[in-house]
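*Asks:* need the 3D shape of this:
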Amino acid sequence: MQFSESRNVTRWIIIIASFIIVSLILWNTYSFFQRFKEDERLKMELWAQAQITVNNSLDEDVTLPLKIISNTNTIPIIVTNEKDSIINHTNIDDINLNDSKNLKNYLEKLKSENDPIVMQYAKGKFQYLYYGNSSLLNKLKYYPLALLLIIFLFGLLVFNFYQTSKIATQNKLWAGMAKETAHQIGTPLSSLIGWLEILKMENVPASTIKEIEKDITRLQTITDRFSKIGSAPIMEKVDLVKETFQSYEYLKSRFSKQIEFSFLAPEKVINVNLNPTLHSWTIENLVKNAIDAMKGKGTLALNIIEEEKEVKIFISDSGKGIPKNQFRKVFEPGFTTKKRGWGLGLSLTKRIVEEYHKGKIKVFQSEINKGTTMMLNFKKA
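*Replies:* Residues are numbered from 1 along each chain as shown. Below is the predicted model of the structure:
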């Protein structure tokens, strides 16, 4: 318990520290961007002053002003008069300069980026310098977004690794528990088999012996199922119709007579690569869920439909139904609508069907208070 709490505290410290570091990086980037923007503003003010000096020069030496103007070659500039007519422009390469409409649109763009610099070239006469951000400043503007994207992708990678590790640990835990359960059941089961042999030598009715044998066989099947969890099961080319019918009939004989069972399938062999023990478990889980949904009274139908390359099994009940927003959730570990139970049945069924048998399982259709149809899909062998 202490270790778990300590691990949670450490995790929160790492998360908070990461958030602080990211915030500092973003703030530093923003501050640098603003400082760089101010520097460009100063350059434009110098350029404006140099331009006024050149325009008003008579015999003065304008070497320095011309040098300032020529060295300012990364910032797009448009100069207008008081009537907003374009007088001059420079460092504009990405538009057609002969098209006055394009130039006007570009001027509007520059107006939205920075406030103009007023140039008084004569008393009472003004010009206006509009300028945009340099290519370097534009790249810097998108740096925080790129940084956030990298952090987001890194976070997804860490989360995926954490989830994968967590699932792998859970799988090992459940596999270990399943094998231990099989081992624990095996000991009293061996004893029961011995007692059965003793009963056979006594004057016990044959019908009673037969029923006990069925239940012992059933316990052996359950033990075999649990022993297979966590290890790759052996697949066999078997008749899906026969295997499904046997499991269905066994369950049919052990449930309430208030349930109307029906089984419909092609009268032919349909071969599928299956593990018979695990397939029987699949059918049992789905049938028991259907019976629970009907509260032991209603109709339950199992239909097998053969297609060209695959075969589908539909298990339909007349139970309480499943809301549409829970069609996927019913297969999640721990999800259950029952007052008792761990919510592992359908999760385990999905794993058997999709991971071991390479098939598919889903809620085919369901209506509240009308019933549910589950669908299994297997490739033909």
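*Asks:* can you get me a residue count around N114?
*Replies:* By the other Cβ atoms under 10 Å criterion, the neighbourhood of N114 contains 17 residues. C-beta here means a position set from N, CA and C on the backbone, and glycine is covered the same way.
*Asks:* wait, it sits on Y130?
*Replies:* Yes - the pair N114 / Y130 is scored as a contact, 7.3 Å apart, by Cβ atoms under 8 Å.
*Asks:* what segments of the stretch 201-350 of the chain are helices?
*Replies:* Using DSSP state H, counting those that start in this stretch, the helices of the stretch 201-350 of the chain run over residues 206-228, 240-252, 276-294, 345-351.
*Asks:* tabulate those (JSON lines), appending mean neighbour count and mean pLDDT.
*Replies:* Written out in JSON lines, the entries for these read as follows (neighbours: other Cβ atoms under 10 Å; pLDDT from 0 to 100):
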{"stretch": "helix 206-228", "mean neighbour count": "14", "mean pLDDT": "77"}
{"stretch": "helix 240-252", "mean neighbour count": "19", "mean pLDDT": "91"}
{"stretch": "helix 276-294", "mean neighbour count": "21", "mean pLDDT": "90"}
{"stretch": "helix 345-351", "mean neighbour count": "20", "mean pLDDT": "84"}
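*Asks:* who's in contact with L302?
*Replies:* Under the criterion of Cβ atoms under 8 Å, 6 or more residues apart in numbering, the neighbours of L302 are T244, Y248, S262, F263, L264, A265, I283, V287, I313, F314, I315, S316.
*Asks:* ok, of these, which one's closest to S85?
*Replies:* Taking Cβ to Cβ as the measure, F314 is the one of the contacts of L302 closest to S85, at 77.6 Å.
*Asks:* what about the closest residue in space to the closest one that isn't next to it in sequence, neighbour count?
*Replies:* Nearest-residue entry for F314: N303, 4.6 Å, with adjacent residues in sequence omitted and distances by Cβ to Cβ, 6 or more residues apart in numbering. For N303, the neighbour count with other Cβ under 10 Å is 15.
*Asks:* give me the pLDDT for N303.
*Replies:* N303 is assigned 96 on the pLDDT scale.
*Asks:* try K297
*Replies:* The confidence metric pLDDT takes the value 90 at K297.
*Asks:* ok so, going back, which ones are touching the residue nearest to F314?
*Replies:* Residues counted as contacts of N303 (Cβ under 8 Å, 6+ apart) are L264, A265, I313, F314, S316.
*Asks:* coming back round to it: turn the contacts of L302 into CSV, columns for distance to V272.
*Replies:* Supplementary listing: these in CSV, determined by distance: Cβ to Cβ, whole Å:
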residue, distance to V272
T244, 10
Y248, 16
S262, 22
F263, 17
L264, 18
A265, 13
I283, 13
V287, 19
I313, 10
F314, 16
I315, 16
S316, 21
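*Asks:* which one of these is nearest Q51?
*Replies:* Sorting those by how near they are to Q51, with Cβ to Cβ, puts F314 at the top with 82.5 Å.
*Asks:* mind listing what the closest one touches?
*Replies:* Applying Cβ under 8 Å, 6+ apart, we find F314 in contact with A301, L302, N303, I304, I305, F364, T373, M374, M375, L376.
*Asks:* also I352?
*Replies:* L278, H279, W281, T282.
*Asks:* how far away is G194 from P188?
*Replies:* Summarising the geometry, the distance separating G194 from P188, computed by Cβ to Cβ, to the nearest Å, is 10 Å.
*Asks:* for Y142, that is, sorry about that
*Replies:* As for Y142, its distance to P188 is 69 Å (criterion: Cβ to Cβ).
*Asks:* again with L24
*Replies:* 64 Å.
*Asks:* tell me the domain ranges of the chain?
*Replies:* In the assignment given by automatic domain parsing, the structural domains of the chain cover 2-133, 234-379.
*Asks:* about what we covered before: and the contacts of I352, which is closest to A48?
*Replies:* Scanning the contacts of I352 for proximity to A48, where the rule is Cβ to Cβ, the winner is T282, at 80.4 Å.
*Asks:* surely that closest one and Y356 touch.
*Replies:* No - under the contact definition of Cβ under 8 Å, T282 does not touch Y356, with a separation of 9.6 Å.
*Asks:* ok, now which ones touch the most centrally placed residue in the chain?
*Replies:* With distances taken as Cα atoms, centre = their mean, N160 lies nearest the centre of the chain, 9.3 Å away. When contacts are counted by Cβ under 8 Å, 6+ apart, N160 touches no other residue.
*Asks:* what about F126, neighbour count?
*Replies:* Counted by other Cβ under 10 Å, the residues lying close to F126 total 12.
*Asks:* got it, and E108?
*Replies:* Residue crowding around E108 was assessed by other Cβ under 10 Å; the count is 9.
*Asks:* low pLDDT regions in the stretch 251-381 of the chain?
*Replies:* For the stretch 251-381 of the chain, applying pLDDT under 70 flags the ranges 334-344.
*Asks:* show me where it has its strands.
*Replies:* Taking DSSP state E, counting those that start in this stretch as the criterion, the stretch 251-381 of the chain contains strands spanning 259-264, 271-274, 298-306, 310-317, 360-367, 371-379.
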